[in-house]
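# here's my sequence, what's the structure:
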Amino acid sequence: MSMQSGSEYQSSSDVYQDQAGRLFVQPQSVVQAQPVVPVASAPSAVVRRSYRARFAPDAVITAIVGLVILIVGLLALTRAGTDGPMNTPIVKVLGFTHTETLGLIEIGIGAILLICGATLSRSGTLFFATILGVGAFVGAIQTKSFRTTLALESSMSWLVVVAAVVVVLSTLLLPRFVTRTTTVAVDA
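Residues are numbered from 1 along each chain as shown. Sure, this is the predicted structure:
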């Protein structure tokens, strides 16, 4: 093995000697160029548009029930006013007696159901519609207990129970629909 000058190597660390006195050359790392693969490009005039439409009939039912309850509560609160005791005066809205307290309860649950319908929240709808149904059921059974504070009528409570059951059943049983459309246009 003949010794070559160190000028052929990039650094002195490329040549080293082991304990037996043999010289070794550290090979340089070789970078190989990757072959260039032509990539077919799409014409510049290709236009892709993708649309997604959702329809949730249960959310529409929830929003409608929430809106109706919200409007009834707002009418009751407007007619009863906010000055004075919350259980007087007793006003009529759509033929049912209300107090300011009942109007506030209706505004709260109606707004929450409207938000649940608008955001397509099934879990929120189930939770708040169940609370509405249980509360209305207790009000329908124990109407005398709520006559002085809420001026609650049994017929209105049963109507709200039916509305809550409709909302819960529609949320559990009705499917939701998603339509996806992709349009590809190529200009020549």
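
# ok, and for the longest helix along the chain, which residues are buried?
Looking across the chain with DSSP state H, the single longest helix is helix 57-80. Neighbour-count burial for helix 57-80 flags 58-59, 61-66, 68-70, 72-77, 80 (criterion: 16 or more other CB atoms under 10 Å). (C-beta placed from N, C-alpha, C; glycine too.)

# extract the C-alpha trace of it and format it as CSV.
Extracted C-alpha coordinates of helix 57-80, given in CSV (Å, rounded to 0.1, in the frame of the first residue of the first chain):
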residue,chain,number,x,y,z
PRO,A,57,-85.0,18.0,10.7
ASP,A,58,-84.7,17.3,14.5
ALA,A,59,-82.8,20.6,14.9
VAL,A,60,-85.5,22.5,13.0
ILE,A,61,-88.2,21.0,15.3
THR,A,62,-86.1,21.9,18.4
ALA,A,63,-85.5,25.5,17.2
ILE,A,64,-89.2,26.0,16.4
VAL,A,65,-90.3,24.7,19.8
GLY,A,66,-87.7,26.8,21.5
LEU,A,67,-88.7,29.9,19.5
VAL,A,68,-92.4,29.5,20.4
ILE,A,69,-91.6,29.0,24.1
LEU,A,70,-89.2,32.0,24.0
ILE,A,71,-91.9,34.3,22.4
VAL,A,72,-94.5,33.2,24.9
GLY,A,73,-92.1,34.0,27.8
LEU,A,74,-91.2,37.4,26.3
LEU,A,75,-94.9,38.2,25.9
ALA,A,76,-95.6,37.2,29.5
LEU,A,77,-92.6,39.2,30.8
THR,A,78,-93.6,42.2,28.8
ARG,A,79,-97.2,42.1,30.0
ALA,A,80,-96.4,41.4,33.6
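
# tell me the helices and strands packed up against that helix.
On a contact count with 3 or more CB pairs under 8 Å, 6 or more residues apart in numbering; DSSP states H and E, helix 57-80 meets strand 91-93, strand 96-98, helix 100-118, helix 122-141, helix 154-173.

# ok, which of these comes nearest residue 50?
helix 100-118 (24.1 Å; CB to CB).

# so which bits of the closest one are buried?
100-107, 109-117.

# pLDDT on that helix, on average?
Across helix 100-118, pLDDT averages out at 94.

# show me what that helix is packed against.
helix 57-80, helix 122-141.

# and of these, who's closest to residue 154?
helix 122-141 (5.3 Å).

# now the helices and strands packed on helix 57-80 as a markdown table including distance to residue 49?
As requested, the helices and strands packed on helix 57-80 are exported to a markdown table (distance: least, CB to CB, whole Å):
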| stretch | distance to residue 49 |
| --- | --- |
| strand 91-93 | 48 |
| strand 96-98 | 51 |
| helix 100-118 | 26 |
| helix 122-141 | 30 |
| helix 154-173 | 33 |
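
# closest one to residue 22 among these?
That would be helix 122-141 among the helices and strands packed on helix 57-80, by CB to CB, at 76.1 Å.
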